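Colleague: this is a predicted model, with the sequence first.
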Amino acid sequence: MNHILNLKTNKRIETIEITKEIKELISKSNFSSGLCVIYSPHTTSGIMINESYDPSVIEDINTFLSKLAPHKRDYLHLEGNSDAHIQSSIIGPSKTVIIEDEKLVLGSWQGIFFMEFDGPRSRNIHIKLIKG
Amino acid sequence: MNHILNLKTNKRIETIEITKEIKELISKSNFSSGLCVIYSPHTTSGIMINESYDPSVIEDINTFLSKLAPHKRDYLHLEGNSDAHIQSSIIGPSKTVIIEDEKLVLGSWQGIFFMEFDGPRSRNIHIKLIKG
Amino acid sequence: MNHILNLKTNKRIETIEITKEIKELISKSNFSSGLCVIYSPHTTSGIMINESYDPSVIEDINTFLSKLAPHKRDYLHLEGNSDAHIQSSIIGPSKTVIIEDEKLVLGSWQGIFFMEFDGPRSRNIHIKLIKG
């Protein structure tokens, strides 16, 4: 099964937690064991797994990435958003999570996040469940 | 099949090679072809694949990460371990390896490593085998 | 099915797009739905997904990585290529892409790239298709 999750961002840099939507999908699908692949088909975004309890962790990660690859530096790419492409290449376009006993194997503090580095945008995230 | 590997770290930053344990698991499982997903459910850790022959490569990578996101900098997250969350987001919580002819498709120099960035900790790593 | 793609690089740092080869493989395999895992068994390389339309994006990413972990710095690893191992650990040795309706779920601007950070080399990249 391949599901599409539509997300809208309102700022240039914005991270949206999608853990709840993915858990609901697995619950509805009556899926007992396998893999869940969360994939972003966009080149200025990424899928990250990290702490969901304290939102300041996500803010610290975004601040770090913005300093690491700053906006408005001298890049070759004329669209002027190479900082976002670089941040996307560090975080990566997808994550793979294990499903066991009808549940995502996530840690107590882990959440799944869509990160946009060059918004605002309307984005489609693909979620694929593989039995096994 | 989902297997759990318990690991204990003794220092704040510590990397443990788990290649042998994963190879033994595949060998015992009589598994011929598919994928092996190694997943850490912890938000200050990561799973990395890199050179296992010379341990100084791992040391160089950890030194690099510690300088890139230093400890005790001004982070918002009050627990004071945002450096570890950032390093975790760069390395990522999991790796996917191919299994073919009853063996992991690893390069001659490649090893699979659990990296803790905020230990000492007792950690459970999940290993899922998918046939295909 | 596990397929091997042989690639040759001619410079120390070189990125080769492999999207077309992977699409052809899926097309020839008559594969309708599942996952495609692209895996590099080499410790100074990585698999990345990012913009394929404007080659200057890839150039900007390589320039960024070369500055982030410079060549000829003081590393412990005596082979002198720890910069390449570090860059490899940031990009990662593999990517997982969804296959749906006999096609790779890639965004309009996304391409799949093999990145070598310590060439020139002759490299074998593994491509595994998993039904589901």
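Modeller: Perfect, I can see it now.
Colleague: just give me the longest helix of chain A.
Modeller: Identified as the longest helix of chain A according to DSSP state H is helix A:56-68.
Colleague: and whichever helix or strand comes after that helix, how far out from the chain middle?
Modeller: Remark: after helix A:56-68, the chain's next helix or strand is helix A:82-91, criterion DSSP states H and E. How far helix A:82-91 lies from its chain's middle: 13 Å, per C-alpha atoms, centre = their mean, to the nearest Å.
Colleague: any buried residues in the longest helix of chain A, and which?
Modeller: For helix A:56-68, the neighbour count (16 or more other C-beta atoms under 10 Å in any protein chain shown) marks A:56-58, A:60-66, A:68 as buried. Any C-beta I mention is one placed from the backbone N, CA and C, and that applies to glycine too.
Colleague: just stretch A:120-132 next, same as before
Modeller: So, applying 16+ other C-beta under 10 Å, buried residues of stretch A:120-132: A:121, A:123, A:125-130, A:132.
Colleague: for A:Ile125, what are its contacts?
Modeller: A:4-7, A:18, A:38-40, A:47, A:114 (C-beta atoms under 8 Å, 6 or more residues apart in numbering or on different chains).
Colleague: mind listing which of those residues are in strands?
Modeller: A:4-7, A:38-39, A:47, A:114 (DSSP state E).
Colleague: please indicate which of the residues you listed are buried?
Modeller: Applying 16+ other C-beta under 10 Å to those, the neighbour count classes A:5, A:7, A:38-39, A:47, A:114 as buried.
Colleague: what sits closest to A:Glu21 if chain neighbours are left out?
Modeller: What sits nearest to A:Glu21 in space, not counting adjacent residues and going by C-beta to C-beta, 6 or more residues apart in numbering or on different chains, is A:Leu5, at 5.7 Å.
Colleague: do A:Gly107 as well
Modeller: B:Pro41 (3.2 Å).
Colleague: how about A:Asp60?
Modeller: The shortest distance from A:Asp60 to any non-neighbouring residue, by C-beta to C-beta, 6+ apart, is to B:Ser82 (4.1 Å).
Colleague: wait, A:Trp76 sits on C:Asp60?
Modeller: Actually, residue A:76 is Leu. It isn't Trp. Yes: shown here, A:Leu76 and C:Asp60 form a contact pair, counting by C-beta atoms under 8 Å, at 5.4 Å.
Colleague: what's the overlap in contacts for the two?
Modeller: Common contacts of A:Leu76 and C:Asp60 (C-beta under 8 Å, 6+ apart): A:Ser82.
Colleague: in chain A, what residue lies closest to chain C?
Modeller: Nearest residue of chain A to chain C, counting by C-beta to the nearest C-beta: A:Pro41, 3.2 Å away.
Colleague: what sits against that residue?
Modeller: If you count contacts by C-beta under 8 Å, 6+ apart, then A:Pro41 has A:93, A:124, A:126, C:105-108, C:110 around it.
Colleague: around chain C, pick out the residues from chain A.
Modeller: Listed as neighbours of chain C in chain A under the rule C-beta under 8 Å from any C-beta of the partner chain: A:2, A:34-35, A:37, A:39-43, A:68-69, A:75-79, A:82, A:85-86, A:88-90, A:92-94, A:96, A:126, A:128-132.
Colleague: do that again at 7 Å, thanks
Modeller: By the rule C-beta under 7 Å from any C-beta of the partner chain, the part of chain A lying against chain C is A:2, A:37, A:39, A:41-43, A:69, A:75-77, A:82, A:85-86, A:88-90, A:92-94, A:96, A:126, A:128, A:130-131.
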